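J.: what shape does this take:
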Amino acid sequence: MSSYIHNYLFMSDALVIIPTYNEKENIEAIIRATFNQKKAFHILIVDDNSPDGTSNIVETLINEFPNQLFLEKRLGKNGLGTAYIHGFKWAIEKKYDYIIEMDADFSHDPKDLIRLYNACHVENADFSVGSRYVNKKVNVVNWDMKRLLLSYFASKYVRIVTRIPIFDTTAGFVCWKRNVLETINIDKIKFVGYAFQIEMKFKAWKHKFIVKEVSVIFTDRTLGTSKMSGNIVYEALFGVIKMRLKGLPK
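T.: Below you'll find the model as predicted:
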């Protein structure tokens, strides 16, 4: 197949950003699963210098998926939020119309990518959220009760404090139209952990962008190590109060 025909067949208006740190057990499988969807998605891996060789696996796969799979390597482990902002800037520069956040560990099902995409592309939402808690339903698999309650009530707490009309405010499975990311001043995003997800949604809502929540099933990772820490939870809980009281620059 000539490079011209290959590029034409695999053109895409949507980019899936996957931040990674030590995801060698999952990375090849999540890339192949994403490319196996009926819609053509491109993938950008933002790797924070994983010592387990995650980026080496991606570099090998780039040879198999040229012009579909891309890799940005950062020098250190600088937080989920800064990884996504790095990816957002890359996507905006490349003029993708839809930019999707997704985890590497299959907690987000690649089969739901088209549903998030269609919520924006077909149903005209400005951003869509893969939600675990829509309409009081809890769609989480393999979490212990303590973590489930923490996540559920954290989202409820954020709704009460900020008055944002989103059930799953900490969700990390999100599709953004490019103009939303261009409107939000992503250089002024303050938080780097789960509060990053809250702040992004809060700013988009403050700009009066239309959101649609898409009910998804969240499955906890079976391979690799969770990146959740006490500092991340602290940032989310107390950062929200600061965000609500002080407001955020647009």
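J.: A helix includes residue 106, no?
T.: No: counting by DSSP: H, G, I helix; E, B strand; the rest coil, residue 106 falls outside a helix, being coil.
J.: quick check: it vs residue 22, distance?
T.: 15 Å (C-beta to C-beta, to the nearest Å). Just so you know, the C-beta spots here come from the backbone N, C-alpha and C atoms, and that holds for glycine as well.
J.: repeat for residue 94
T.: 27 Å.
J.: what of residue 168?
T.: For residue 168, the distance to residue 22 - C-beta to C-beta - is 26 Å.
J.: residue 41 now?
T.: Where residue 22 is concerned, residue 41 sits at a distance of 24 Å (C-beta to C-beta).
J.: which of the two has more neighbours?
T.: residue 41 (22 against 19; other C-beta atoms under 10 Å).
J.: next up, the contacts around the more buried one.
T.: 12, 14-16, 34-35, 100, 113, 117 (C-beta atoms under 8 Å, 6 or more residues apart in numbering).
J.: mind redoing it with 7 Å?
T.: 12, 14, 16, 34, 113 (C-beta atoms under 7 Å, 6 or more residues apart in numbering).
J.: where along the protein do the strands fall?
T.: All strands of the chain, identified by DSSP state E, fall at 14-20, 42-47, 69-73, 98-101, 127-131, 140-141, 174-177, 211-215, 218-219.
J.: where does pLDDT dip in the chain?
T.: By pLDDT under 70, the low-scoring segments of the chain are 1-10, 135-153, 220-250.
J.: so what's the nearest residue to residue 77 once chain neighbours are set aside up against?
T.: With sequence-adjacent residues excluded and distances taken as C-beta to C-beta, 6 or more residues apart in numbering, residue 77 is closest to residue 48, at 4.5 Å. Listed by C-beta under 7 Å, 6+ apart, the contact set of residue 48 reads 21, 74, 76-78, 83.
J.: any quick ChimeraX command for the buried ones out of these?
T.: Here is the ChimeraX command that picks out the buried ones among the contacts of residue 48, judged by 16 or more other C-beta atoms under 10 Å:
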select :21,74,83
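J.: mind checking which of the contacts of residue 48 are in helices?
T.: Of these, the ones assigned to helices by DSSP state H are residue 83.
J.: now, which of the contacts of residue 48 sits nearest residue 66?
T.: Among the contacts of residue 48, residue 74 lies closest to residue 66 (C-beta to C-beta), at 22.2 Å.
J.: nearest spatial neighbour of that closest one, skipping sequence neighbours?
T.: Using C-beta to C-beta, 6+ apart, the nearest residue to residue 74 is residue 48, at 5.1 Å.
J.: just want the most central residue of this structure.
T.: residue 101 (2.1 Å; C-alpha atoms, centre = their mean).
J.: test my guess that it contacts residue 83.
T.: No: taking contacts as C-beta atoms under 7 Å, residue 101 lies outside contact range of residue 83: 9.8 Å.
J.: what's the distance between the residue nearest to residue 186 when sequence neighbours are not counted and residue 59?
T.: Excluding the flanking residues, the one nearest residue 186 by C-beta to C-beta, 6+ apart is residue 85, at 5.2 Å. According to C-beta to C-beta, residue 85 and residue 59 sit 23 Å apart.
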